[in-house]
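Trainee: Generate a structure from the sequence data that follows.
(2 chains)
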Amino acid sequence: MGLTGDLWTFNVGCGGLEAIVHGLANGLLRQEDYHNITQCDSLEDMKLHLAGTDYGQFLQNEATLSSKVITERALDRLVNDFKWLRANAPWPLGEFLDYITYEYMIANVLKLISGARSGKGTLELLQKTHPLGQFEGIGALTAAQNIDDLYDLVLGDSPIGKFFQRTDRTDFDEFSMEYIRSLLHKNYLEHFYKFCEEIGGDTWMVMKDLLEFEADRFVVTLTRNTYGVKELQKDERKKLFPEVGQLVTVHEDLANIDDDDALKDKLRPFPDLYALVQDLSMDDPANSLENKFMEKSVQLHKDSLQRQFHYGSFFSLVKLRELEVNNLMWIAECIIQNHRHRINEYVNIFEA
Amino acid sequence: MLGYLRSLVYYFFYAWVVFWILGGNWTPAWDKWYQVFGEISPWAYGGTGVACAIGLSIIGAAWGIWLTGASIAGAAIRSPHIRSKNLVSIIFCEAVAIYGIILAILMSGRFNKNTSNEPKIMNEVRRAGYVLSACGWTVGIGNWACGISVGAVGSSCAIADAHNSSLFVKILIVEIFASALGIFAIIVGILQSQAANFPKGG
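Mentor: Residues are numbered from 1 along each chain as shown, chains lettered A, B, ... in the order given. Take a look at the predicted model:
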């Protein structure tokens, strides 16, 4: 039955909130909305078309329109909805929603750390942090004088301190940002997975598939990005793979490979993952595999929204809304720069 | 699961020990159990039957209303057009409680005062008491299950209606089948309560 109570008793704590999430998911932009927006000639047209969707008058107070403004206001809408849900959520839904934000907090903290390392002005970096990943004390991170202070502040005050547990102080200085980012992401996925397992019930059934796919996607992307990187030892590379996902059994082998053919070979026993990588070649455009992964994850999120009485719909809503904001940003950029031929490269969520 | 089995084994072991100390043998004398249950007054049997009929039906109806009401309240925020149609789900749940009240009134009407000590009359009284008790459990548990079922389907009905209005009628058909279960329960309950004849007398 799990903590959330499944079919019989889920609605006690979270019934209204879950129904609201389904209502918000009905408001995602559909194919004809995207069709209208891509036909726009200017951002004013885009604003007009968006006014007819759930976005409504979200740009009415803006004097000038730019893709940055549109993205920020769209993201504000997502953040407001999320904050309302978080404020009304009972335990364990509240903690589940916090786990969703930890991913953005990690990104923000890493941004500030890289700013501190390269000596760039951290105050302006604070403006660029993702709003979903704000937490108390993020301002204090900008006041840290050096890496040690930053480490103490992050471990001590922030909710994401537990993801730094297994890294040493020295890792911050010596290793590259990418390595730290991968390590934190691995810890985050493992913690989230374990938390969902404790919740149990339908939430666990749904989140298991979603998180396992995220972990496998992370492993494959990491493997491809680190082909032949001499500074990264094979066992260190394996350390970055989360203990989650279908590919756990082949992590040993994946840590040792250095080209695409070996990758395809290793993924052959996993049919759904193999289908995504089988057309891969070394000179592919950089993001075609990423697009395929994105489309598969959109499919998984839509499936999770088809079920009821679980927390996975909250997770899926946040991810799909974020994807929608990225799509709007892409379309706005293409309109401004007049790249009409690339305007249809956004990721489609609903077919007709 | 293993924990439950273990506690069950421990329970029986201690129960046997207690019986041995009290009664002098390992297994309880089964005819003595009949005396214990047989001494319970048939009026008590009848009374708890009525209590189950109304009480468990209300629990089922309330369960169903909370399941479906939470979803209607949430889904109606973005799609206010579902408000009026989905009250039908709530009405189906409420009907379950009404079945319970009808049966409880019918059953309470079967009681007749009788204080005679004749074994023949007392047997009749006992028989009526047992039948009323069974009737109460039938109606109670049947309506409880019906209430939960209607509630769970009603919740999905609200969310599906918010997504696509043409789905409402289709899911309503499922809900109608679910509420038919309550009708089965009260049909059997009515037949049983007709069989409960407390003999009139001094």
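Trainee: From the chain's centroid, how far away is the lowest-mean-pLDDT helix or strand in chain B?
Mentor: Comparing every helix and strand of chain B by mean pLDDT, DSSP states H and E singles out helix B:30-39 as the least confident one, with a mean of 76. From the chain centre to the centre of helix B:30-39 is a distance of 26 Å (CA atoms, centre = their mean, to the nearest Å).
Trainee: Low-confidence ranges, the chain, go.
Mentor: No chain specified, so I'll use chain A. Within chain A, the ranges that satisfy pLDDT under 70 run A:1-3, A:121-122, A:144-147, A:165-174, A:281-287, A:352.
Trainee: Chain B was what I was after
Mentor: Counting by pLDDT under 70, chain B shows low-confidence ranges at B:24-30, B:202.
Trainee: quick one, strands of it?
Mentor: With DSSP state E applied, chain B shows no strands anywhere along its length.
Trainee: tell me the contacts of the residue nearest the centre of it?
Mentor: With distances taken as CA atoms, centre = their mean, the residue of chain B nearest its centroid is residue B:140 (1.5 Å). By CB atoms under 8 Å, 6 or more residues apart in numbering or on different chains, the residues touching residue B:140 are B:52, B:53, B:54, B:55, B:56, B:57, B:100. Glycine gets a C-beta too; all of them are placed from N, C-alpha and C.
Trainee: what's the neighbour count on the second one?
Mentor: So the one you mean is residue B:53. The criterion is other CB atoms under 10 Å in any protein chain shown. On that basis, residue B:53 has 34 neighbouring residues.
Trainee: cool, the fourth one as well?
Mentor: Using other CB under 10 Å, the number of residues around residue B:55 comes to 16.
Trainee: next one: the first one
Mentor: Using other CB under 10 Å, the number of residues around residue B:52 comes to 24.
Trainee: Thought residue B:132 was touching it, still the case?
Mentor: No. Contact between residue B:52 and residue B:132 fails when scored by CB atoms under 8 Å: they sit 10.1 Å apart.
Trainee: distance of the residue nearest to the centre of chain B from residue B:191?
Mentor: With the distance defined as CB to CB, to the nearest Å, residue B:140 ends up 16 Å from residue B:191.
Trainee: just residue A:94 next, same as before
Mentor: When distances are taken as CB to CB, residue A:94 and residue B:191 turn out to be 51 Å apart.
Trainee: Of these two, which one has the most company?
Mentor: Per other CB under 10 Å, whichever of residue A:94 and residue B:191 has more neighbours is residue A:94, with 14 against 11.
Trainee: Compute the inter-axis angle for the helix ranked longest in chain B and helix B:30-39.
Mentor: Across chain B, the helix with the greatest residue count (assigned by DSSP state H) is helix B:119-163. Orientation note: helix B:119-163 sits at an angle of 80 degrees relative to helix B:30-39 (axes from the mean of the first three to the mean of the last three CA atoms, to 10 degrees).
Trainee: Pull the distance from helix B:119-163 to the chain's centre.
Mentor: Its chain's C-alpha centre and that of helix B:119-163 lie 3 Å apart, by CA atoms, centre = their mean.
Trainee: next one: stretch A:106-117
Mentor: Per CA atoms, centre = their mean, the displacement of stretch A:106-117 from the mean C-alpha position of its chain is 17 Å.
Trainee: Mind listing what's buried along that stretch?
Mentor: Of the residues in stretch A:106-117, those with enough neighbours to count as buried (16 or more other CB atoms under 10 Å in any protein chain shown) are A:106, A:107, A:108, A:109, A:110, A:111, A:112, A:113, A:114, A:115, A:116.
Trainee: How about residues contacting the least confident helix or strand of chain B?
Mentor: Outside helix B:30-39, the residues that reach it (CB under 8 Å, 6+ apart) are B:23, B:126.
Trainee: Name the nearest residue to residue A:128, ignoring sequence neighbours.
Mentor: Nearest non-adjacent residue to residue A:128, counting by CB to CB, 6 or more residues apart in numbering or on different chains: residue A:111, 7.0 Å away.
Trainee: can you tell me the helix or strand for the one you found?
Mentor: Remark: residue A:111 resides in helix A:93-118, with elements defined by DSSP states H and E.
Trainee: Tell me the residues of chain B that contact chain A?
Mentor: Near chain A, the residues belonging to chain B are B:63, B:66-67, B:70-75, B:77-79, B:148, B:152, B:155-156, B:158-159, B:162-163 when assessed by CB under 8 Å from any CB of the partner chain.
Trainee: Kindly recompute the last result at 7 Å.
Mentor: Chain B has residues B:66-67, B:70-71, B:73-75, B:77-79, B:148, B:152, B:155-156, B:158-159, B:162-163 near chain A, with proximity defined as CB under 7 Å from any CB of the partner chain.
Trainee: The residue nearest to residue A:128 contacts residue A:126, correct?
Mentor: No. Here residue A:111 does not reach residue A:126: they are 9.1 Å apart, not a contact under CB atoms under 7 Å.
Trainee: do you know how far the closest residue to residue B:160 other than its chain neighbours is from chain A?
Mentor: For residue B:160, ignoring the flanking residues on the chain, the nearest one in space by CB to CB, 6+ apart is residue B:167 at 4.3 Å. Per CB to the nearest CB, to the nearest Å, residue B:167 is found 12 Å from chain A.
Trainee: Residue B:167 and residue B:157: what is the separation?
Mentor: Residue B:167 is 8 Å from residue B:157, where distance means CB to CB.
Trainee: Of these two, which one has the most company?
Mentor: Neighbours were tallied for residue B:167 and for residue B:157 using other CB under 10 Å; the higher tally belongs to residue B:157 (28 against 15).
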